[in-house]
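following is a predicted model, sequence given first.
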Amino acid sequence: MTAPIDQTLLAQLETQASDKRYDYLVQQLIARGELWILVGDGGSVLLNSDGDDCVPVWPHQSSASAWVKDEWADCTVTAISLSDWQARWTEGLLSDGLSLAVFPNLDEEALVVSPDAFDEDIYDAVSAQ
């Protein structure tokens, strides 16, 4: 089971700029080996950003859980391992024409990237270690 995140840290992350939250998620994904999505009856939930459908992803279960309300009240917070992400999700999202909304805050602000750009950033971060 994933260790819970300190609520003070979660509140601080919520106020950070989108690019800082993006970098944080990449770092946590490498360190913990997982990221989190919301899944509803039709599959993973989508946000819309300037006409692009985006799958939102979060670094912690608790940050994703904060979104389980209103129209997403029936959703389940689901972990995806880094290996599963790279083996199945990147290609699947690309073939579906979907982008990623990386670590959106509760104001729905997030850095939107393509799945392959996200994978490149993960690779670059691992290589830099």
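That came through, no problem.

can you pull the poorly scored residue ranges out of this protein?
Applying pLDDT under 70 to the chain flags the ranges 1-5.

strands of that one, residue ranges please.
Along the chain, counting by DSSP state E, strands occupy 34-40, 43-44, 47-49, 52-57, 76-81, 99-102, 111-113.

now the residue nearest the centre of the chain: closest residue in space that isn't a chain neighbour?
Nearest to the mean C-alpha position of the chain, by Cα atoms, centre = their mean, lies V57 at 1.4 Å. Distance criterion Cβ to Cβ, 6 or more residues apart in numbering; nearest residue to V57, sequence neighbours excluded, is L35 at 4.9 Å. C-beta here means a position set from N, CA and C on the backbone, and glycine is covered the same way.

my guess is that neighbour contacts V55. True?
No: shown here, L35 and V55 do not form a contact pair, counting by Cβ atoms under 8 Å, at 10.4 Å.

between the two, which is the more surrounded one?
More neighbours surround L35 than the other of L35 and V55, with 26 against 21 (other Cβ atoms under 10 Å).

got a list of what the more buried one touches?
25, 28-29, 57-59, 79-80, 82, 85 (Cβ atoms under 8 Å, 6 or more residues apart in numbering).

on that earlier part again, any idea what the residue nearest to the centre of the chain is bridged to?
For V57, the beta-bridge assignment (DSSP bridges) gives partners V102.

re the thing from before, so of the strands of the chain, which one's packed in deepest?
With neighbours taken as mean count of other Cβ atoms under 10 Å, the strands of the chain reach their highest mean count in strand 99-102, at a mean of 25.

check which helices and strands that strand sits against.
helix 18-32, strand 47-49, strand 52-57, strand 111-113, helix 115-128 (3 or more Cβ pairs under 8 Å, 6 or more residues apart in numbering; DSSP states H and E).

remind me what the longest one packs against, helices and strands.
On a contact count with 3+ Cβ pairs under 8 Å, 6+ apart, helix 18-32 meets strand 34-40, strand 99-102, strand 111-113, helix 115-128.
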